[in-house]
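> curious how this folds, go ahead:
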Amino acid sequence: MESLEVHAVESASCVMDRPKSSARFNERAPNVSKKSAAPRVTAEQMASKQRDISVSEFFAKNRHLLGFDNPRKALLTTVKEAVDNSLDACEEAGILPDITVVIEDLQPDRPASAKSSRYRITTVDNGPGIVRKQVENVFGRLLFGSKFHRLKMSRGQQGIGISAAGMYGLITTGKPMLIQTRPKATMPAHHIELAMNTKTNRAEVTVDEETDDFPLKRLCGLSASVRELAERGEFLSHAVYGTGTSVSIELEGKYQKGRGSVDEFLELTAIANPHARITFVRPTRETVEEEEPTLIKGRKGAPPDGEGNLPASAAGEENRVGEARVAMEKKDEPALTADLGDLVIFPRAVNELPPETKEIQPHPKGVELGTLLQMLKDYEEANKGGGTLYNFLQERFSRVSSATASEFCEKISTPANRVTSRTKVSDIEPPQAEALYKVFQEAKLAPPPTDCLAPIGVQQLLKGMFKGVRAEFYAASSREADVYRGRPFLIETAIAFGGELPADEPARVIRFANRVPLLYQQSACSSFKAVAETNWKNYDLQQPRGSLPVGPLVIMIHMASVWVPFT
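Numbering: from 1, shown residues only. The predicted model follows:
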């Protein structure tokens, strides 16, 4: 503040010490009147340039908001969105998921140090397929889906992911998405190629035909390992993929192993979804940079034969891959991941689907005033002005009984505006709606039902950890559901200790939300902070102040809820 005052005094003294001749010159200068400049743009001209912006046009210019910050993350985000959709579709249809992910390097001759390359990502699932009339909407429009308005645990929610991946591919390569889907095993598959028009947020179809080439036969000849598995009927077989959906996207990306990679995402997805079988075909090359270690130590070698045995050339430690394959086929032994170099198989560890979740209505304590006003308006329109407040409370909210609905009506009733069980929603004024909102906050209500959640479960957690983490000791815990702001959630944890885990490195924390791995912003996550704040010295582990413990330890934390911001 003093410097500002000194500066002001010095400036004033300079003006006072200005030569008098300069002052006299200024006094003699003619007083020229300046003409007012004409406005550069009129209001009418500004109005003519204003227009609405489609959501796809906005995200095309701000694709970093959707996870396409850089080529490496763009590749991961595309795989994530496709795999999430496949898992959700299979589970909702009651089908044990069998998912194949193929990444093809379309520029194998590029320099090894190139910052990016062009890839084709293909994801095939054995789900229920998609009816033809919905293909353009599912893959060619942003904010189109069936999950956003449901209070029910699911992976995807906003209806953005796979469409945004196709949009990114179109922007970076100019190539449309290729979709094949077959809802009925006895019928040909639909083959559609489409591109999103970002101006209109609508798909433009360039190819629309039927085909019997589902899954794509060319994928079965990508490598020696793939060909051998395909010949034995263990890769994209018609017996498994009778129905389903295949999505191919060309994009500019960067394939590199280590933390935050496609490999890590699929490894963790297999751990949190032990009921799924995932096959991953790696590209021929990867970017040459320093890698960080992954959970699973790769064991390269030729694929095992039908009996689970490896060829003689793959002796020694490679026999572990054959053991993994045999274990995959035996119910009494745990399934182990088989890494064959260019091909990774994450086997199914359990043959049971997660519990089926049920959609619930909003809980009164989880609704804000603006949302309540909109719900009243929507209910009035749905019932053409004839719906009563009593019916509205029972039909649109959970844990509101007939007696509770009548009590709410009485509490917002005033001598000037009497409210009864027969009062129509159309007659509710804003002050009464606000009074109803306050009644919600003060009421003692039972927590919302928790059958909208599907926990992984202790046994499934252990089997998932065992097939993905080489440790000596395993333990898991799954707690009862709790409620936050009217939304149910539950927390599950598992640990793996010893074995092949590094003893001189900080513990590894793997986080999940609705069975989806969270690979970014770890230090900002409350679950990570909870681990760092735990006193691990009580378990004879070294722990720097405010940091993770050091030792051969992997900690898994899973949060399940009807609404998770990170998904």
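> run through who's touching stretch 221-236.
Identification of contacts with stretch 221-236 by Cβ atoms under 8 Å, 6 or more residues apart in numbering yields 100, 102, 104, 124, 215-216, 219-220, 237, 239, 279, 281, 302-303, 305-306, 340-343. C-betas here are computed from N, CA, C, even on glycine.
> of those, just the buried ones, PyMOL syntax please.
The buried subset of the contacts of stretch 221-236, as determined by 16 or more other Cβ atoms under 10 Å, is captured in PyMOL by this line:
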select buried, resi 100+102+104+124+215+216+219+220+237+279+281+302+303+340+341+342+343
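> what about residue 362, how many neighbours?
18 (other Cβ atoms under 10 Å).
> any idea how far residue 103 is from it?
41 Å (Cβ to Cβ, to the nearest Å).
> and the chain, what are its domain boundaries?
57-307+318-346, 364-442, 458-561 (automatic domain parsing).
> these into CSV, with extra columns for mean pLDDT and distance to residue 448?
CSV is the format used below for those (pLDDT from 0 to 100; distance: least, Cβ to Cβ, whole Å):
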stretch, mean pLDDT, distance to residue 448
domain 57-307+318-346, 85, 8
domain 364-442, 92, 5
domain 458-561, 92, 5
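> out of those domains, deepest packed?
Of all these, domain 57-307+318-346 carries the top mean neighbour count, a mean of 19, counting by mean count of other Cβ atoms under 10 Å.
> straight-line length of that domain, end to end?
Using Cα to Cα, to the nearest Å, the end-to-end distance of domain 57-307+318-346 comes out at 38 Å.
> and for stretch 261-281?
OK, stretch 261-281 end separation, Cα to Cα: 14 Å.
> distance check, the nearest residue to residue 279 once chain neighbours are set aside against residue 91.
Excluding the flanking residues, the one nearest residue 279 by Cβ to Cβ, 6 or more residues apart in numbering is residue 100, at 4.5 Å. Residue 100 sits 17 Å away from residue 91, going by Cβ to Cβ.
> equivalent analysis for residue 44, please.
56 Å.
> cool, residue 279 as well?
18 Å.
> next one: residue 245
Distance from residue 245 to residue 91, by Cβ to Cβ: 14 Å.
> helices along the stretch 251-400 of the chain, start to end?
262-272, 319-329, 369-382, 389-396 (DSSP state H, counting those that start in this stretch).
> please read the previous query as pertaining to the stretch 401-550 of the chain.
Using DSSP H, counting those that start in this stretch, helices in the stretch 401-550 of the chain cover 402-411, 430-442, 458-468, 526-533.
> which one, of the ones you listed, ends up nearest to residue 189?
Smallest distance to residue 189 across the helices of the stretch 401-550 of the chain (Cβ to Cβ): 31.7 Å, for helix 458-468.
> tell me the angle that closest one makes with helix 262-272.
150 degrees (axes from the mean of the first three to the mean of the last three Cα atoms, to 10 degrees).
> who are the packing partners of helix 458-468?
Counting contacts by 3 or more Cβ pairs under 8 Å, 6 or more residues apart in numbering; DSSP states H and E, helix 458-468 is packed against helix 262-272, strand 473-478, strand 487-497, strand 553-561.
> make CSV from these and add distance to residue 383 to it.
What follows is those, written out as CSV (distance: least, Cβ to Cβ, whole Å):
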stretch, distance to residue 383
helix 262-272, 42
strand 473-478, 41
strand 487-497, 27
strand 553-561, 31
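> and residue 428, which of these is closest to it?
So among the helices and strands packed on helix 458-468, strand 487-497 is nearest, using Cβ to Cβ, at 25.3 Å.
> contacts only, for residue 498.
471, 472, 473, 552.
> may I ask which two of those are separated the most?
Applying Cβ to Cβ across the contacts of residue 498, the maximum distance is between 473 and 552, 9.6 Å.
> what's the overlap in contacts for the two?
Joint contacts of residue 473 and residue 552 (Cβ under 8 Å, 6+ apart) are 497, 498, 499.
> look up phi and psi at the last one.
The phi and psi values for residue 499, taken as degrees, to the nearest 10, are phi 70, psi -130.
> verify the stated contact: it with residue 471.
Yes. Counting by Cβ atoms under 8 Å, residue 499 does reach residue 471; the two are 3.9 Å apart.
> return every residue with contacts to both of the two.
residue 552.
> figure out which of the domains of the chain is closest to residue 354.
That would be domain 57-307+318-346 among the domains of the chain, by Cβ to Cβ, at 6.3 Å.
> compute the first-to-last residue distance for stretch 232-240.
End-to-end for stretch 232-240, by Cα to Cα: 13 Å.
> next one: that stretch to chain centre, how far?
Offset of stretch 232-240 from its chain centre (Cα atoms, centre = their mean, to the nearest Å): 29 Å.
> ok, residue 210 - contacts?
188, 189, 190, 191.
> part of a helix, is the last one?
No. Under DSSP: H, G, I helix; E, B strand; the rest coil, residue 191 falls outside any helix and is assigned strand.
> can you pull the contacts of the residue nearest to it when sequence neighbours are not counted?
Of all residues not flanking residue 191 in the chain, residue 211 sits nearest, at 4.4 Å (Cβ to Cβ, 6+ apart). With contacts defined as Cβ under 8 Å, 6+ apart, residue 211 is in contact with 180, 188, 189, 190, 191.
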